[in-house]
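1. Would you be able to build a 3D model of this:
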Amino acid sequence: MSTTIPTKKAIVIGAGVAGLAAAIRLQVMGYGVSVFEKNDYPGGKLSHFELGGYQFDAGPSLFTRPQLIEELFEFAGEPIEDYFSYERVPIACNYFYEDGTIISAFADHEKFAAELQAKTNEPAENLHKYLNKSADAYNHIAGIFLQYSLHKLQTLFKAPIFKAIQTVKWPYLFNSLNSYNQQSFKSPKLVQLFNRYATYNGSNPYKAPAMLSLIPHLEHNEGTFYPKGGMISITNALYQLALKKGVEFHFGNGVEKIIRTQGVVKGVVVNNENHFADIVVSNMDVYFTYQQLLGDQVKAAKVLQQERSSSAFIFYWGINKNFSQLDLHNIFFSNDYEKEFESLFKTKKPFEDPTVYINITSKREPSIQAPMGKENWFVMVNAPANKGQDWESIKDFYKSVVLKKLSNLLGEDIEPLIEVEEVLSPVSIETKTASYMGSLYGTSSNSKTAAFMRHPNFSNTTKGLYFVGGSVHPGGGIPLCLSSAAIMANLVDQQQKLKH
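-> Numbers count the residues shown, from 1 in each chain. Modelled structure (predicted):
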């Protein structure tokens, strides 16, 4: 059997989720793809480690829109079941409030509505109305953001943009998410519950547009899923697929420079050696791409004109007990949500009563993810982006307030139950994943035009240079990173067709 050697070459900088997806798509499209990654493992933020018998997913912990991974395998002509499996989760999240109220967000809408009516006296029709509007907004608007470049006129003409404009209600554009939620629900508890979706792209619900109300559609209409083996199985599946298709990986090899001459990309410099290619795709934070790899301080400074997204402080705890009231996803709300966001974005200081998120994969796979009778807690608080704060003392502060909150709401002293501990701060996020200031999503969506201000998936000044990942269009999080790779591949395909 003869194999044809690709004549066109592509280089992908970074093996994060978007980099892996980009490499797979380009290889299938006929490019010979080389991926250069400064770490010695694939996945970027979507990584994993083991500590004292406990398994920990180090980064993103929520899995929605599995069809995007299925589409990628279909595109590559490979059966997904050989690489990856997942299941729908019956409870999207458990919510804990300071007054002792606990709300389970059931995947079943009727059950969820009944739960809300019982716990908060919220009329069932309010939830149904909200989720229907969320679905409507998602189906008409998100399709444009997730499938098309907003920065190319010819692609926008292909998009169903006029239908979307008819769907967009003024409140989506001119109201904040918080004011939209206040109009939708009677209970402040529900306003807070649906305000939290702004944090899915590191934004402030009191400033971000009501358009973000389409995010709950993913969790409550389409569903929340658990990938068998934990989130790391997504990275493993994409990496194995890339290898199967013939992508070459160079781990422990960070790119030092992107080579370009007369407005055309020529390749990259790695370890002082030139590697030439027809196209280069950067999965590195767009700020660092300009600042370090292109030496373009003007463009780098332009990226920083947009407010950075929030970051996170994460404790990975091995807990010597099972807590029956907890599930895969759990949220312990702050008593003053507005003040928490003021602290995150205005004063850039840690808040004394942070909202705490706990992910426990051992709830889905006991004895595999943690020793029998124990739990692996991924404990995260929203944190301000890194501006040189004293993170060592912030770590002690966060640990103290988080333990106090959890011990109070779970009715048990948590600290003596911690058997192992690891931490991840905005500084270590920046170091490990080259995310400027440790911002998880690049820029925030704290303005009406934020979606249109994100950096495009191509360069206006350098032909053959493309961008994917959480710091560019359409945004951060696994589904959006996968979408960025698909948008980039479509742009490359269009460029190819123009040549012929």
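
2. Mind exporting the C-alpha coordinates of stretch 266-278 to PDB?
-> C-alpha atoms of stretch 266-278 as PDB (Å, rounded to 0.1, in the frame of the first residue of the first chain):
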ATOM      1  CA  LYS A 266       7.500  31.000   6.200                       C
ATOM      2  CA  GLY A 267       7.700  28.800   9.300                       C
ATOM      3  CA  VAL A 268       9.100  28.900  12.900                       C
ATOM      4  CA  VAL A 269      12.300  28.900  14.800                       C
ATOM      5  CA  VAL A 270      12.700  26.100  17.400                       C
ATOM      6  CA  ASN A 271      16.000  25.600  19.300                       C
ATOM      7  CA  ASN A 272      17.700  28.100  17.000                       C
ATOM      8  CA  GLU A 273      16.700  26.000  13.900                       C
ATOM      9  CA  ASN A 274      14.400  27.000  11.100                       C
ATOM     10  CA  HIS A 275      11.400  24.800  10.300                       C
ATOM     11  CA  PHE A 276       9.600  25.900   7.200                       C
ATOM     12  CA  ALA A 277       5.900  25.500   6.400                       C
ATOM     13  CA  ASP A 278       3.100  26.900   4.100                       C
END
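
3. Buried residues in it, which are they?
-> 266, 267, 268, 270, 275, 277, 278 (16 or more other Cβ atoms under 10 Å). In this view, the C-beta of every residue, glycine as well, is placed from N, C-alpha and C.

4. go on, stretch 93-109?
-> Buried residues in stretch 93-109 (16+ other Cβ under 10 Å): 93, 94, 95, 96, 97, 103, 104, 105, 106, 107.

5. from these, which single one is nearest residue 363?
-> Using Cβ to Cβ, residue 94 comes nearest to residue 363 of the buried residues of stretch 93-109, at 10.4 Å.

6. Roughly how far does that closest one sit from residue 418?
-> 21 Å (Cβ to Cβ, to the nearest Å).

7. still on that earlier bit, out of the buried residues of stretch 266-278, which are inside strands?
-> 266, 267, 268, 270, 275 (DSSP state E).

8. which SS state does residue 93 fall under?
-> strand (DSSP: H, G, I helix; E, B strand; the rest coil).

9. so the closest residue to it other than its chain neighbours bridges to which residues?
-> Counting by Cβ to Cβ, 6 or more residues apart in numbering, residue 93 lies nearest to residue 329, which is 4.2 Å off, once chain neighbours are set aside. Applying DSSP bridges to residue 329 yields these beta-bridge partners: residue 359.

10. Count the neighbours of residue 329 for me.
-> Look at residue 329: counted by other Cβ atoms under 10 Å, it has 23 neighbours.

11. Touching, it and residue 226? I think so.
-> No: between residue 329 and residue 226 there is no contact under Cβ atoms under 8 Å: 9.7 Å.

12. where do the contact lists of those two overlap?
-> residue 89 (Cβ atoms under 8 Å, 6 or more residues apart in numbering).

13. thinking again about what came up before, just the buried residues of stretch 266-278 now: which is nearest residue 406?
-> Closest to residue 406, out of all of these and judged by Cβ to Cβ, is residue 270, at 45.1 Å.

14. thought that closest one was touching residue 252?
-> No: the criterion here is Cβ under 8 Å, and residue 270 misses it with residue 252 at 10.4 Å.

15. Over to the nearest residue to residue 54 once chain neighbours are set aside. Which of the three states is it?
-> Nearest residue to residue 54, sequence neighbours excluded (Cβ to Cβ, 6+ apart): residue 318, at 4.0 Å. Classification of residue 318 using three-state DSSP returns strand.

16. so which helix or strand takes in residue 395?
-> Secondary structure from DSSP states H and E places residue 395 in helix 391-410.
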